[in-house]
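> show me how the following folds:
(one chain, ligands or ions: 1)
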Amino acid sequence: MDRKTFLKGSLSLGALTILPTNSMFGQSLNELKTDKLTDENGNFVLAPLPYKFDFLEPYMDAETVNLHYTFHHGGAVKGANKDMEMIKKALADSNMETVDFWTKKLSYHFSSHALHSIFWTNLSNKKTDPKGELLKRIEKNFGSYDKLKGYIAATSKNVDGNGWGILAYQPHSDSLSIIQCENHEKLVQWGAVPLLVIDVWEHAYYLKYKNKRADFVDALFNIINWENVEQRLELAIKLK
Ligand code: MN3
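Predicted coordinates:
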């Protein structure tokens, strides 16, 4: 297969991430029980936010959620669609240098879309704690829930510039691990399935927390939806 054929084939691959069933977030599920990132034509779509803008108050204020979802996540979706269009056009013109340019942009925009789609469902308006299989694995892989909290909080707070702290399932070792991500697409570990993603871009907290990223990360532990994380883990194990 030459490179052009390969790229054309890969355009239809929506790297879908998983979303659980039987939750309040069920409306964003598609028939594959994945996060809904694309429509039936393969265009990227912004799924409805699974709650109202003020749902996460007071830890995440309504204005931040509105701007974050509408313009940052929404902007990534628009960007990814444009990138895809430009790649198709450049392929049709056999202009591979231009393909490279837009592919890089697509990596950034698509990764933003995928991570934000998980992020919204990872949050809730009530405090939960990990239990069941998730808690068992947290204790096995990190020692305790408190230790995991410390690790993922530090990883998130210490991102250079904008990025994410991520709790992921590693199918190769059947274990949980913590990944630090810069921007949306750097330091990626192929194969890892993100279960919990913590957005530490300034747009996620600056209106309310100003320059206090650490306070924002600590506050997030009041609204993490551990049930969603557990459902994502169960599905990741099943799909292994
Ligand atoms: Mn963000």
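> now do the phi/psi pair for Leu49.
Per-residue torsions, Leu49: phi -60, psi 130 (degrees, to the nearest 10).
> ok, it touching Trp120?
Yes: between Leu49 and Trp120 there is a contact at 5.9 Å, judged by C-beta atoms under 8 Å. Heads up, the C-betas are built off the backbone N, CA and C, glycines and all.
> doesn't Ile198 belong to a strand?
Yes: according to DSSP: H, G, I helix; E, B strand; the rest coil, Ile198 belongs to a strand.
> tell me what it is bridged to.
Beta-bridge pairing of Ile198 under DSSP bridges involves Gly165.
> for Asp54, helix, strand, or coil?
The three-state assignment at Asp54 reads coil, by three-state DSSP.
> residues in contact with it?
Contacts for Asp54 were tallied using C-beta atoms under 8 Å, 6 or more residues apart in numbering; they are 61-62, 65.
> could you check how far it is from Ala214?
For Asp54, the distance to Ala214 (C-beta to C-beta, to the nearest Å) stands at 24 Å.
> thinking again about what came up before, from the contacts of Asp54, keep the buried residues only.
In those, burial by neighbour count holds for 61, 65, counting by 16 or more other C-beta atoms under 10 Å.
> which of the contacts of Asp54 fall within helices?
Using DSSP state H, 62, 65 are the members of the contacts of Asp54 that sit in helices.
> let's have the contacts of Asp54 in a markdown table, adding pLDDT and distance to Asp83.
Output for the contacts of Asp54, formatted as a markdown table (pLDDT from 0 to 100; distance: C-beta to C-beta, whole Å):
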| residue | pLDDT | distance to Asp83 |
| --- | --- | --- |
| Asp61 | 98 | 31 |
| Ala62 | 98 | 30 |
| Val65 | 98 | 26 |
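> would JSON lines of the contacts of Asp54 with distance to the ion be doable?
Putting these into JSON lines (distance: C-beta to the ion, whole Å) gives the following:
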{"residue": "Asp61", "distance to the ion": "15"}
{"residue": "Ala62", "distance to the ion": "16"}
{"residue": "Val65", "distance to the ion": "11"}
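> now render the contacts of Asp54 as TSV, adding distance to Lys82.
Listed next are the contacts of Asp54 as TSV, based on distance: C-beta to C-beta, whole Å:
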residue	distance to Lys82
Asp61	30
Ala62	29
Val65	25
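> so for Leu49 and Trp120, which sits in the more crowded spot?
For Leu49 and Trp120, the more surrounded residue by other C-beta atoms under 10 Å is Trp120, and the numbers stand at 25 against 17.
> which positions in this protein make contact with the ion?
72, 199, 201 (C-beta under 5 Å from the ion).
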